[in-house]
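Engineer: structure for this input, please:
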Amino acid sequence: MSIIGVRREGLRRTVFVLVPLRVFALCGLALLGASGYFVISARYDYAAHFVAGAGGGLILLAVFTSAAAVLRVRRSLGPKTADLPVVLATLTAIGAGIVVEFLLFGDPSADLLDIVHQSLGAAFVGLIWTLAPAVPGSVGRVLARASGLVVLGLVMIAMGAKFVGLF
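Structural biologist: Modelled structure (predicted):
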């Protein structure tokens with residue numbers, strides 16, 4: 001379930017994972033969701049809030065699930081609690097979106113629709129996270145993937161801030 005590359009090591013060919021399918025699913029579907037806002041609505045801030053919510057959700061999902069993976073390896077826990085960090089990260093992203101909306105834009109101008117679109121972005125990423133398969137790996141690989149996803153989430157938040165005109 002990933003894009004496969006082939007690297008030569010001696011006489012043997014080793015297949016290695018370049019980019020997991022989950023990253024392509026997250027980026028592609030978030031782009032599709034944001035472009036739907038551009039097509040349906042003339043307001044760019046809907047797309048901005050959706051992308052920023054998806055970026056914030058992605059950051060928290062990467063942090064929560066990688067921390068859970070490290071704990072599972074260290075404590076030899078089974079995979080039965082694998083979805084709990086996804087639910088907690090998604091709910092935390094939705095709550096953080098509400099707090100950020102009120103802190104940045106203040107109570108009078110905080111729009112309920114903006115909060116809804118941020119929440120949709122975070123829930124969308126959480127849903128994709130549970131549906132797209134994860135690539136197993138060592139603790140180092142899990143943390144490396146998580147750091148890449150945090151950077152991707154920050155880029156998505158910056159895109160949302162640019163769309164809404166914060167900079």
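Engineer: alpha carbons only for contacts and neighbour counts from here, please
Structural biologist: Noted.
Engineer: show the contacting residues for Val151.
Structural biologist: Ile59 (Cα atoms under 8 Å, 6 or more residues apart in numbering).
Engineer: for my notes, confirm it occurs in a helix.
Structural biologist: Yes. Under DSSP: H, G, I helix; E, B strand; the rest coil, Val151 sits within a helix.
Engineer: could you list the buried residues of the helix or strand hosting Ala62?
Structural biologist: Secondary structure from DSSP states H and E places Ala62 in helix 44-75. Residues of helix 44-75 classed as buried by neighbour count (16 or more other Cα atoms under 10 Å): 44-70.
Engineer: pLDDT of it, averaged?
Structural biologist: For helix 44-75, mean pLDDT is 85.
Engineer: quick one: buried residues of whatever helix or strand comes next after it?
Structural biologist: Sequence-wise, the next helix or strand downstream of helix 44-75 (DSSP H and E) is helix 84-109. Within helix 84-109, the residues that count as buried by 16+ other Cα under 10 Å are 85-94, 96-98, 101-102.
Engineer: just name the shakiest helix or strand of this protein by mean pLDDT.
Structural biologist: Lowest on mean pLDDT, DSSP states H and E among the helices and strands of the chain sits strand 12-20, with a mean of 44.
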